[in-house]
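1. Okay, structure incoming, though there's no sequence with it:
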């Protein structure tokens, strides 16, 4: 009888040891992850409409010579910040009153008189800022880049006095 008792104890001891070890195992895992996507902020706005400011040529009494003006930071310039590795394209449409980007016009707030003008990608005013090719920019860091808009009002017959304006849509694709 004693032999059986020892045999039973011998078989129960490993089971008890295994159960004790199993109770102290309280390990689990947590998955930690993030997905970084291509994205851009236009003048600190991630979607919808961003207020860019105004390209203001000031006040004149005649238009017998070309007037050139450029936007500044916070006053009409395009500020863009994108995820590193992103290539973005900035385009400008024809505005409300021009037939195309090559014939942009401002219109009098008091009537239908118009004024011809143009927008460019650089200070040399050689490349019209259009709605197809636009300006392509590659981002190697996540710093904000500023892009002035260069404008010209051409020499033309001076229209009637009053305030003239247009609204141009800036589109960023990436």
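-> Thanks, I have it. Since the model is a prediction, treat every value here as computed from it, not as a measurement. Numbering: from 1, shown residues only.

2. Tell me the spacing between residue 151 and residue 109.
-> According to C-beta to C-beta, to the nearest Å, residue 151 and residue 109 sit 18 Å apart. Placement of C-beta: from N, CA and C, glycine included.

3. Show me the helices in this protein, by range?
-> Taking DSSP state H, the helices of the chain run over residues 2-24.

4. picking up where we left off before, neighbour count winner among residue 151 and residue 109?
-> Legend: neighbour count by other C-beta atoms under 10 Å for residue 151 and residue 109, higher for residue 151 (22 against 10).

5. Could you verify my assumption that that one touches residue 70?
-> Yes. Shown here, residue 151 and residue 70 form a contact pair, counting by C-beta atoms under 8 Å, at 7.2 Å.

6. The closest residue to residue 130 other than its chain neighbours: how many residues sit nearby?
-> Of all residues not flanking residue 130 in the chain, residue 101 sits nearest, at 4.3 Å (C-beta to C-beta, 6 or more residues apart in numbering). Applying other C-beta under 10 Å, we find 20 residues neighbouring residue 101.

7. okay, and for this protein, where does confidence drop off?
-> By pLDDT under 70, the low-scoring segments of the chain are 1-26.

8. got the residue ranges for the strands in this structure?
-> Listed in chain order, the strands of the chain (DSSP state E) span 40-42, 67-70, 78-82, 87-92, 105-108, 114-120, 135-138, 145-147, 150-153, 164-165, 170-173.
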